[in-house]
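> sequence plus predicted model, see below.
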Amino acid sequence: MRQTFTKSERLCSKKILGELFKKGSTAVGTFYLFPFRLLYLNEPESAEALPAIVITVPKRQFKRAVDRNLIRRRVREAYRLNKHLLFPPEGRSRPLPTHLALLYTAKQIISFEEIEKGMKLALRKL
RNA sequence: AAUACGAGUUGUCUUAUCGCGCCGGCCUUCGGGCAGGUGAGGAAAGUCCGGGCAGCGCAGAGCGCCAUACUUCCUAACGGGAAGGCAGCCGACUGGCGACGGUCGGCUGACAGACAGGGCAACAGAAAAUAUACCGCCAGUGGUUGACUGCCUGAGUGAUAGAAUGAUUGAAUAAACUUAUUUAGAGCAUUCUAUCACUCAGGCAGUCAACCACUGGUAAGGGCGAACCGGUGGGGUAAGAGCCCACCGCCCGGCGGGUGACCGACGGGGCACGGUAACCCUUAUGGGCUGAAAGACCAAAUAAGCGUCGGACGCGCGGCUGCUCGUCGCCAGCAGCCCGGUUUCGGCCGGGUGAAAACCGACGCGGGUAGGUCGAACGAGGUGGUAGGUGACUAUCAUCCCAGAUAAAUGAUAAGACGGCUGGCUUUGCGGCUGGUCGACAGAACCCGGCUUAUAGAUUCGUAUUGCAU
């Protein structure tokens, strides 16, 4: 599959974001896997589309906008290059999430290889 | 050449793979696809000033609040900038006995007003705001001490003169060498007297010095302080003092120069007028408030409301008069009308009459949520030339179009180059080969003009110092 990352794959709606980050919601699945915390949401009616994702980097940890930009771009690249793992050749056992949030939780800027490693594990787990 | 300081410029590059936003073009099964173009900064940062723009507010005036504060200019505007003035500091040269000044260069300055008014000033110090007098200096008075001078008294010493006594010596005489006597002279010693000198003691007087006390003069000097009532040199004085003089500084005056801040020489005044306005205050000037999450528009959903249509349900049953129709009654239609109670009025209640509304559905309007569009990328615009201006800057001509996202693009990875640091091998050396590591500060968000702050490295110019060569 193509390694694109278009607008439809980005989660922009404030409403869905609010739903995703609402505490205690049963519809939201979550797990932690270094260096990310993942939040995801299923909506059955939109079946085979790619999920819309959002990446967050905490401002508390990284004061400079330059640093946050760098991390976000690395994470995005890691997702873009590895999102084919969401569609294993033997077929999915669980329904594909429609909305996905990637929260960067590491305390410092880490290299692209490490981010990619974590991203692969996370996508396989999904 | 190196280093330091100041002013400026710049602030990594290339290729490959996979991607992203925007633009117009083509294709499209309307989901999108294709190739092309384009895509972070000097500070995009801080959000400290100023403006554009937008909404709201707004008769006029006053008070309050905030900001600014040497002058002139620049600018859309500014708390920004330019040029200039003044003050302070530093450097070089230079004049003067000195206080202090002159010229050039650099740096710094919230640099309006302290006779409009009020307030404040720790500690130290004698004294801190109508000055004062601690030490000191000077004069006078009194006392003490000392020194000197003069006089008086007493004592001592010495000298001179006289007298007395004593021995000695010379001469003469006598006697036996020696001795005796006489005589005069000389000096010596002692004593006394007188005079003189010196020393000591005492007294009196005077002068001087030191100390103490008091009275007065003084503010030169010392000392205190952030600051204390002009400074220097001379005269003057008991000591001193603008007390007097010259100069320096200050104040006042008109004159001249400058757009102005201010400057200049001249004349006058012996000199007063302390600091703090970053305490209140005064004066002058400016400021309406809020910010693009402003604001405008489109608009799924959806509440109230409105309109149209349709449906369903309910109401209709009181009285009188007249007219019409009618053979009369009954019935029907038309027209008109109120009645009672309370109340100041408006009006209210009940009844009556008439009308409307109330229910459901559909559609439309309206409204505006999700979402979207604009605001919002041609501008106080960039670059170059010409002209004006000391300059900030302005005018004009030519030329260019240069990010536009919106949970927010401008990237990720790899390789190489370049530069810095560093290790190894090699070379007399220049250098060569090879490995490692690092490549600053920092990411547009409505747009401009400034200010401030951050910044590895490279580089230009100027100044200073040092080294080398000539």
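Structure's in. What do you need?

> the residue nearest the centre of chain A: what's it in contact with?
The structure's chain A has its C-alpha centroid closest to A:Leu102; by Cα atoms, centre = their mean the separation is 3.7 Å. By Cβ atoms under 8 Å, 6 or more residues apart in numbering, the contact set of A:Leu102 is A:36-38, A:53-56, A:75, A:79, A:122. Bear in mind the C-beta positions are built from the backbone N, C-alpha and C, glycine included.

> just the ones of the residues you listed in strands?
The members of the contacts of A:Leu102 that map onto strands under DSSP state E are A:36-38, A:53-56.

> just the C-alpha atoms of the lowest-mean-pLDDT helix or strand in chain A, please, in CSV.
Least confident helix or strand, chain A: helix A:14-21 with a mean of 72, by mean pLDDT, DSSP states H and E. C-alpha atoms of helix A:14-21 as CSV (Å, rounded to 0.1, in the frame of the first residue of the first chain):
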residue,chain,number,x,y,z
LYS,A,14,-12.8,19.0,18.1
LYS,A,15,-15.8,17.0,19.0
ILE,A,16,-14.2,13.6,18.3
LEU,A,17,-11.1,14.8,20.1
GLY,A,18,-13.2,15.7,23.1
GLU,A,19,-14.8,12.2,23.0
LEU,A,20,-11.5,10.5,22.7
PHE,A,21,-9.9,12.3,25.6
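
> next SSE downstream of that helix?
Using DSSP states H and E, the next helix or strand after helix A:14-21 towards the C-terminus is strand A:28-33.

> could you give the mean pLDDT of that next one?
For strand A:28-33, mean pLDDT is 77.

> from the contact counts, what lies against that strand?
strand A:36-41, helix A:112-125 (3 or more Cβ pairs under 8 Å, 6 or more residues apart in numbering; DSSP states H and E).

> same thing but at 10 Å, please
helix A:14-21, strand A:36-41, strand A:99-104, helix A:112-125 (3 or more Cβ pairs under 10 Å, 6 or more residues apart in numbering; DSSP states H and E).

> rewinding a little: look up how far RNA strand B lies from the residue nearest to the centre of chain A.
11 Å (Cβ to the nearest atom of the strand, to the nearest Å).
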